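*Asks:* the following block contains a protein sequence and its predicted model.
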Amino acid sequence: MINMIKSQRENRILEILAQAGEEVSVLEIAQRIGRVSGVTIRRDIVRLAEEGRLERTHGGALLPAASAAAETPLPRENALQDEVEGVDAIVLPPIGGRGADTLRMLAKRRRIPFLAESSPQEGGVYLGPDNFTAGRELGRAAGKMLSGAMAEARVLLVSLETLPNTRARCDGFVKGFGETFRGTVRPWRVDGQGSFRIALRASLDAFAAYPDINVIFGVNDHSVLAAIEASDRAGVADVSAFSVGGEGGALFDALAARGKLKATAALFPEIVGIRAVETLAGALHGSAMPDEIRTPHVVVTPESLDRYYRKAGNGWVLAPEAEASILGATERPAFVRSVGPRRAIGFVPHYPAHDWYRNMARAMRERAEALGFELKVAAPQSGIAREIAAIRRLIARSAARLVRPGDTILINSGVLSTLLADELMSRDGITVVTNAVDVMERLSGRPGLKLIMTSGEYQARDRCLVGPSLGALFETMRVDRAFLSVDGISPHFGPSATDERLALAAKRFVDASREVVVMADHSLVGVEASHRIAGLGAVDDLITDSASLPADRLAFASLGMRITLADEEPEEMAAPRSDRPAGDRKTA
């Protein structure tokens, strides 16, 4: 009996982490499970971490990508650690930040069909519902349902303000509800930020401030489930909840229970996945990509749930007749089964452990297999890391083209510096001065190449030499060109490093060189690390890629800096550029 209880508790911990998609504290896990102490939860977390099923954090735990994949019923050979590499088409969700630009550039650079799932993205064909209409139809249904049951609707709207699709759902619900509710409507809007934990905290605050809230709307499953839990904790029993999403799992359990959740505008991740694969399969067979792909939504209530979804084990599956009916009502691209070597469709789920992406990936895999394609699934971090690595190799290759026979060059420590050393391994007649052990190891013993190590104190963390004595060599040496790998370069701060001693070492390289070349991929352009290396006036060339911001590049160019976009530079481009005479240095 004890083992069974422990097993159930462990499974519940993993479910909570998967639902959150981020770190959850020991206290919150204990509160959500109920009737269990924090000490017991910590022991469970230690045990699960030792088994590799979760990752411990300070005061809590999270489900890493590898663990999320283990919880996802997908074949091991296509688990989430696979890289999105060599794909012929790609599906991207609304991932934010610079990493998103990296993945979008992958599609642009490789000229492959690109579907933007759930939210419009530059360069992609939109794949998803009419979010405003889905919210509005749900709002109209909710208003009719509650008219006569209450004179005033005090509505808590749990939104996700950073994404236009979720804002549209919220706006649509407010619009539709106001159109059909016969009474006064008083809304309060909070930002759940797409996180169960944050949505729960914001909803708890809302109920503390306004305990008479009687209607809840969530822009997705997590938002509404968090708000319902907040109402339970606040002791508010008379609440009617509605949501857009319908991912499955806990939300359909809540709907089937006929409790506070009254209806959801189901968006059918399975149908989204099937339409994605069929559209890309058609494109790879020569069909034109559509301007957009609108996927269906249906307002589902407890009474109509079994028309669309059926309980299967611990989850929910789309009913076959519902799939056939929904797909039969949509315009589907023409396609034929792929023959010969299998072509690959890449999919980068935002939160791999979430029910939406699990169900979507499962449907995509089944449809891809039926059409003779391979589905490659990767966590966003995986695809971003792979594409950044490819971009950095292009940057190093462009930098190597600047090295002329007879040159004496300086190379500092860093990832791009090591890649530059790889590009120079077959060169003859050049002298390389470096403080980086990795550069030395790659170039040592190469015939026709002279290698000089600086002096200095060894800094093990960065595998390089630093300190005051590093500059002694440059009292009697002047070099043609310094190639710098940096941690950031911005129009206001110049090139910079996260470590003070690395910044000082790079500054000595700048002072000893006739020309300075900074190598930085787009994730570093516009970034200001904590220690400046030199002013922008000391930099002659910046080699980056096309995903860097045009405004930053314009600011650099306005100061006379030459800008090279490595991913747009022809491979056959001649090595040297002589548009500025050697020694024409700008002042720092």
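*Replies:* Received the coordinates, thanks.

*Asks:* next structured bit after the helix or strand of the chain with the lowest mean pLDDT?
*Replies:* Every helix and strand of the chain was ranked by mean pLDDT, DSSP states H and E. The lowest is helix 65-71, at a mean of 39. Going down the chain from helix 65-71, the next helix or strand is strand 89-92, by DSSP states H and E.

*Asks:* adjacent strands (with direction) for that following strand?
*Replies:* Next to strand 89-92 in the sheet, as set by DSSP bridges, lie strand 114-117 (parallel), strand 344-347 (parallel).

*Asks:* which residues touch the first one?
*Replies:* Contacts with strand 114-117, where a contact means C-beta atoms under 8 Å, 6 or more residues apart in numbering, come from 89-94, 104, 107-108, 123-128, 272, 276, 279-280, 293, 360. Yep, even glycine has a C-beta here, placed from its N, CA and C like the rest.

*Asks:* same question, stretch 553-571
*Replies:* Applying C-beta under 8 Å, 6+ apart, the external contacts of stretch 553-571 come out as 105, 109, 391, 394-395, 397-398, 491, 525, 536-537, 539-546, 548, 577, 579-580, 586.

*Asks:* helices - which of the contacts of strand 114-117 land there?
*Replies:* Using DSSP state H, 104, 107-108, 272, 276, 279-280, 360 are the members of the contacts of strand 114-117 that sit in helices.

*Asks:* ok, and the most crowded of the residues you listed?
*Replies:* L280 (33 neighbours; other C-beta atoms under 10 Å).

*Asks:* so that one touches G124, yeah?
*Replies:* No. Taking C-beta atoms under 8 Å as the definition, L280 is not a contact partner of G124, at 11.6 Å.

*Asks:* how near is the residue of the chain positioned farthest from its centre to R362?
*Replies:* Here the chain reaches farthest from its C-alpha mean at T476, the gap being 48.6 Å by C-alpha atoms, centre = their mean. Distance, T476 to R362, using C-beta to C-beta, to the nearest Å: 67 Å.

*Asks:* same question for A555.
*Replies:* The spacing between A555 and R362, counted by C-beta to C-beta, is 47 Å.

*Asks:* buried residues in stretch 497-504, which are they?
*Replies:* Within stretch 497-504, the residues scored as buried using 16 or more other C-beta atoms under 10 Å are 497, 499, 501-504.

*Asks:* list the contacts of that stretch.
*Replies:* Identification of contacts with stretch 497-504 by C-beta under 8 Å, 6+ apart yields 412-413, 459, 462, 464, 466-467, 486-488, 496, 506, 529-533.

*Asks:* list the contacts of the closest residue to Y308 other than its chain neighbours.
*Replies:* Spatial nearest neighbour of Y308, excluding adjacent residues (C-beta to C-beta, 6 or more residues apart in numbering): A322 at 4.6 Å. Residues in contact with A322, defined by C-beta under 8 Å, 6+ apart, are 307-309.

*Asks:* buried subset of those residues, written for PyMOL?
*Replies:* Those of the contacts of A322 that count as buried under 16+ other C-beta under 10 Å are selected in PyMOL with:
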select buried, resi 308+309
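
*Asks:* quick one: which of the contacts of A322 is nearest I45?
*Replies:* Nearest to I45 among the contacts of A322, counting by C-beta to C-beta, is Y309 at 32.5 Å.

*Asks:* look up how far I489 lies from the closest one.
*Replies:* On the measure of C-beta to C-beta, Y309 and I489 end up 51 Å apart.

*Asks:* with A421 instead?
*Replies:* Distance, A421 to I489, by C-beta to C-beta: 21 Å.

*Asks:* who has more neighbours, the two?
*Replies:* In this view A421 and I489 are compared by other C-beta under 10 Å, and I489 has more residues nearby, 28 against 24.

*Asks:* which pLDDT value goes with that one?
*Replies:* As predicted, I489 sits at a pLDDT of 94.

*Asks:* i'd like the first residue to be 15 from this point on
*Replies:* All right, first residue 15 from here; so that's I503.

*Asks:* give the closest residue to it in space, chain neighbours not counted.
*Replies:* Leaving aside its chain neighbours, I503 sits nearest to P509 (4.6 Å; criterion: C-beta to C-beta, 6+ apart).

*Asks:* the one you found contacts G502, correct?
*Replies:* Yes. Between P509 and G502 there is a contact under C-beta under 8 Å: 7.3 Å.

*Asks:* out of the contacts of stretch 511-518, which are inside strands?
*Replies:* 473, 478, 480, 502, 510, 545-546 (DSSP state E).

*Asks:* among the residues you listed, who's most crowded?
*Replies:* Among the ones in strands among the contacts of stretch 511-518, the one with the most neighbours (other C-beta under 10 Å) is C478, at 27 neighbours.

*Asks:* from V531, how far off is that one?
*Replies:* From C478 across to V531, the span is 18 Å (C-beta to C-beta).

*Asks:* again, but for L239
*Replies:* For L239, the distance to V531 - C-beta to C-beta - is 53 Å.

*Asks:* what does L298 give?
*Replies:* Distance, L298 to V531, using C-beta to C-beta: 40 Å.

*Asks:* which one's more surrounded, these two?
*Replies:* Between L298 and V531, counted using other C-beta under 10 Å, V531 has the larger neighbour count: 23 against 19.

*Asks:* please report phi then psi for that one.
*Replies:* Per-residue torsions, V531: phi -120, psi 120 (degrees, to the nearest 10).

*Asks:* A496 now?
*Replies:* Per-residue torsions, A496: phi -110, psi 130 (degrees, to the nearest 10).

*Asks:* which parts of the stretch 115-264 of the chain are strands?
*Replies:* 128-131, 139-142, 166-173, 198-205, 229-232, 254-259 (DSSP state E, counting those that start in this stretch).

*Asks:* what about the fifth one, average pLDDT?
*Replies:* Confidence over strand 229-232 (mean pLDDT, whole number) is 98.

*Asks:* so what secondary structure elements neighbour that strand?
*Replies:* The contact analysis (3 or more C-beta pairs under 8 Å, 6 or more residues apart in numbering; DSSP states H and E) places strand 229-232 against helix 145-160, strand 166-173, helix 178-194, helix 235-247, strand 254-259.

*Asks:* only alpha carbons, please: show stretch 275-291 as CSV.
*Replies:* This file holds the C-alpha atoms of stretch 275-291, laid out as CSV (Å, rounded to 0.1, in the frame of the first residue of the first chain):
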residue,chain,number,x,y,z
LEU,A,275,-15.8,24.6,-16.0
LYS,A,276,-18.9,25.1,-18.2
ALA,A,277,-17.5,25.2,-21.8
THR,A,278,-14.3,25.4,-23.8
ALA,A,279,-13.7,26.6,-27.4
ALA,A,280,-11.8,23.4,-28.5
LEU,A,281,-9.0,24.1,-31.0
PHE,A,282,-8.2,20.5,-31.8
PRO,A,283,-4.4,20.1,-31.8
GLU,A,284,-4.8,16.8,-33.6
ILE,A,285,-6.4,18.6,-36.6
VAL,A,286,-3.8,21.3,-36.5
GLY,A,287,-1.1,18.6,-36.7
ILE,A,288,-2.7,16.8,-39.6
ARG,A,289,-3.3,20.0,-41.6
ALA,A,290,0.3,21.0,-41.0
VAL,A,291,1.7,17.7,-42.4
